[in-house]
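Q: Quick one: sequence plus predicted model below, questions after.
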Amino acid sequence: MKFEFVLVFTLSIIGLSMLIVLYRIIKGPSIADRVVGLDLLMASTLAFLAVFAMLSKSAVFLDAGIVLSLIAFIGTIAFAYYLQVRRKNE
Amino acid sequence: MSETILSVMLITGAFFILISAIGIVKMPDIFMRMSSSTKASTLGIALIVIAAGIFFNDIGVFSRVVLISLFLLITAPVAAHMLGKAAYLEGDKLWENTQFDRYKEYIEKEEKEIK
C-alpha cells in the first residue's frame, strides 16, 4: 500500500518533468535544441515504463524499454548526421 | 526493508530526472543544456531501472535491466558528442560569458595548415 504510493509519486514526478521538457521542444530556438529535448523525453519515457512495470507487476514493459532506448539512440544519431550533411550541401 | 531501499532509489532517480528537465529549460545555451540532459538522465534512469530489477527479483529481468543501463551508459556520450559537433558547426551561439572556445582555435589551426 505504502510502496504503491511511492510508485505513483515517482510516476507523477516523471510526468511533470516530461511536461517541462515539452516546453523546451516547442520553444527551442534551433533544431539541435529540439533534438536534445526529444532525447531527454525518450529517456524519461524509459523511466516511466520501468516504474509502470513495477506498478502493474509485469516485466514485459522492460522489453519495450530496450527497444525504446535503441530507437532513441539511432534517432539522435540520424538527426546529428542530417544536420552535418545539410550544412555540407548548402 | 527492501521496499525502503527501493523507495529511496526511485525517489532519487525521479529527482535526478526532474533536475535535468529543469536544467534543459533554464540553461542559457545548447551545450549546457546537453550537459544537464545527458548526465542527469543517465544516472536517474540507471537508478530507476535497477530498482525495477531488484523489485522483480528474477535473473531474466535483472539481465535486461543491466542491458538497458549499460546500453544507456555507452550510447549517451556518443550521441552527445555527435549532436554537439553538429550544433557547433551549424552555428549555434555560445553563452556570452564563455571563457574558452578550444574547438574554434582547432578549426582555425586546421585552416592555416591547409593554406
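A: Okay, I see it.

Q: Chain B: helices as residue ranges?
A: B:2-26, B:30-56, B:59-90, B:102-114 (DSSP state H).

Q: which helices and strands sit right next to the second one?
A: Using 3 or more C-beta pairs under 8 Å, 6 or more residues apart in numbering or on different chains; DSSP states H and E as the contact test, the elements touching helix B:30-56 are helix A:31-56, helix A:60-89, helix B:2-26, helix B:59-90. In this view, the C-beta of every residue, glycine as well, is placed from N, C-alpha and C.

Q: Just give me the neighbour total for A:Asp33.
A: 20 (other C-beta atoms under 10 Å in any protein chain shown).

Q: which residues sit in contact with it?
A: Counting by C-beta atoms under 8 Å, 6 or more residues apart in numbering or on different chains, A:Asp33 touches A:Arg24, B:Ile30, B:Arg33.

Q: what number of residues lie near the closest residue to the first one other than its chain neighbours?
A: What sits nearest to A:Arg24 in space, not counting adjacent residues and going by C-beta to C-beta, 6 or more residues apart in numbering or on different chains, is A:Gly37, at 4.5 Å. Neighbours of A:Gly37 under the rule other C-beta under 10 Å: 24.

Q: that older thread, dump the helices and strands packed on helix B:30-56 into a markdown table; add distance to A:Lys2 and mean pLDDT as well.
A: Formatted as a markdown table, those follow (distance: least, C-beta to C-beta, whole Å; pLDDT from 0 to 100):
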| stretch | distance to A:Lys2 | mean pLDDT |
| --- | --- | --- |
| helix A:31-56 | 14 | 91 |
| helix A:60-89 | 22 | 88 |
| helix B:2-26 | 8 | 91 |
| helix B:59-90 | 23 | 89 |
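
Q: Dump the ones you listed to CSV, plus distance to B:Ile45.
A: Formatted as CSV, the helices and strands packed on helix B:30-56 follow (distance: least, C-beta to C-beta, whole Å):
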stretch, distance to B:Ile45
helix A:31-56, 5
helix A:60-89, 9
helix B:2-26, 7
helix B:59-90, 6
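
Q: Not counting its neighbours along the chain, what's nearest B:Met32?
A: B:Met32 sits nearest to B:Trp95 (C-beta to C-beta, 6+ apart), 6.8 Å away.

Q: Show the backbone phi and psi for the one you found.
A: Dihedral angles of B:Trp95 (phi, psi; degrees, to the nearest 10) stand at phi -60, psi 150.

Q: contacting residues for the nearest residue to B:Asp92 once chain neighbours are set aside?
A: Nearest residue to B:Asp92 in three dimensions, chain neighbours excluded: B:Ile30, at 5.1 Å (C-beta to C-beta, 6+ apart). Shown in contact with B:Ile30 (C-beta under 8 Å, 6+ apart): A:Ser30, A:Ala32, A:Asp33, A:Val36, B:Gly84, B:Ala87, B:Asp92.

Q: closest to B:Thr38 out of the helices and strands packed on helix B:30-56?
A: Taking C-beta to C-beta, helix B:59-90 is the member of the helices and strands packed on helix B:30-56 nearest to B:Thr38, at 4.6 Å.

Q: In chain B, which residue sits furthest out from the middle?
A: In terms of distance from the mean C-alpha position of chain B, B:Lys115 ranks first, at 38.1 Å (C-alpha atoms, centre = their mean).
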